[in-house]
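Asks: What follows is a predicted protein model with its sequence.
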Amino acid sequence: MIPEGTRQALRQFQQTSAEEIGHFIPSITPESLEPAAELIIQAQRSGGRVHITGIGKPSHVAAYMASLLSSTGTPTYFLHGTEAVHGSCGQLVAGDVVICISNSGETAELKATVTAIKNNDCHVIAVTGNPESWLAKNAEATLLANVTQEGGPLNRAPRASILAEMYVLQALSVYLQAVRGLTPQEYVRWHPGGTLGQLRDSEK
């Protein structure tokens, strides 16, 4: 039998998540996305590329978003958050754009990585819950993913903040895909496997 306290923790998490994301989603507007989108579009027009990085749980968000962005018309490379200062910045070329994810915007390891990124003459887009953070102040564009509570026992493990980071970056991917005008044929060429790789008759 599951203890009632466990069930209450689940209900509290669901309520907190619904409230936090419900408050957060309306803050995502074209105006909030356009500075980051313009940096990426201008870099691509100049032959630059897009990379994405994070430390800890945000690194998993970064890996997912590199895949999603790449599959929807914005080729994006995952940059390991700590390996970046041990040689992986070699994947960067001056003029590239790097999306950096940190809820606090104060993570020491990411500060070192962002410093190295900027020393390689690359542009930085921040994804953070703190608009006054070090990361936000050292970025050319900032995507806010701010929540007040994480949800779950202790209210410490990143839960709602991860949902917010993923959502704002998914919104950016939608914006960039629409700007690019990705066609069903292009999508299938990049994603030939599985059911997603099958064009509907009306799209052939």
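Replies: It's in.
Asks: dump the residue contacts of the nearest residue to residue 177 once chain neighbours are set aside.
Replies: Using CB to CB, 6 or more residues apart in numbering and skipping the chain neighbours, the partner closest in space to residue 177 is residue 72 (4.3 Å). All C-beta atoms are positioned from the backbone trio N, CA, C, and that covers glycine. Residues near residue 72 by CB atoms under 8 Å, 6 or more residues apart in numbering: 173, 176-177, 182, 187.
Asks: out of the residues you listed, which is most surrounded?
Replies: The residue in these with the most neighbours, by other CB atoms under 10 Å, is residue 176 (22 neighbours).
Asks: The host helix or strand of that one: which residues count as buried?
Replies: Using DSSP states H and E, residue 176 falls within helix 160-180. For helix 160-180, a neighbour-count test (16 or more other CB atoms under 10 Å) marks 160-166, 168-173, 175-177 as buried.
Asks: so what's the spatially most central residue of the chain up against?
Replies: When CA atoms, centre = their mean is applied to the chain, the residue found nearest the centroid is residue 169 (4.1 Å). Taking CB under 8 Å, 6+ apart, we find residue 169 in contact with 61, 65, 68, 99, 101, 127, 143.
Asks: of the residues you listed, closest to residue 26?
Replies: residue 143 (14.8 Å; CB to CB).
Asks: and the angle for the helix or strand that residue 36 is a member of with helix 160-180?
Replies: If you go by DSSP H and E, residue 36 is part of helix 30-45. Counting by axes from the mean of the first three to the mean of the last three CA atoms, to 10 degrees, helix 30-45 lies at 60 degrees to helix 160-180.
Asks: Pull out the buried positions in helix 30-45.
Replies: For helix 30-45, burial by neighbour count (16+ other CB under 10 Å) applies to 32-33, 36-37, 39-41, 43-44.
Asks: And that helix, what does it pack against?
Replies: For helix 30-45, the packing partners by 3 or more CB pairs under 8 Å, 6 or more residues apart in numbering; DSSP states H and E come out as strand 50-54, strand 97-101, strand 123-128, strand 141-144, helix 160-180.
Asks: picking up where we left off before, quick check: mean pLDDT of the helix holding residue 176?
Replies: The pLDDT scores in helix 160-180 average 97.
Asks: how much does it deviate in direction from strand 50-54?
Replies: With the same axes, to 10 degrees applied, the angle from helix 160-180 to strand 50-54 works out at 180 degrees.
Asks: now the angle between strand 97-101 and helix 160-180, please.
Replies: For helix 160-180 against strand 97-101, the angle by the same axes, to 10 degrees is 160 degrees.
Asks: Show the subsequent helix or strand relative to helix 160-180.
Replies: Counting by DSSP H and E, the next helix or strand C-terminal to helix 160-180 is helix 184-190.
Asks: ok so, going back, ok, of the contacts of residue 169, which one's closest to residue 110?
Replies: residue 101 (8.2 Å).
Asks: Go ahead and confirm the closest one touches residue 56.
Replies: No - contact status for residue 101 versus residue 56: not in contact, 9.7 Å apart, counting by CB atoms under 8 Å.
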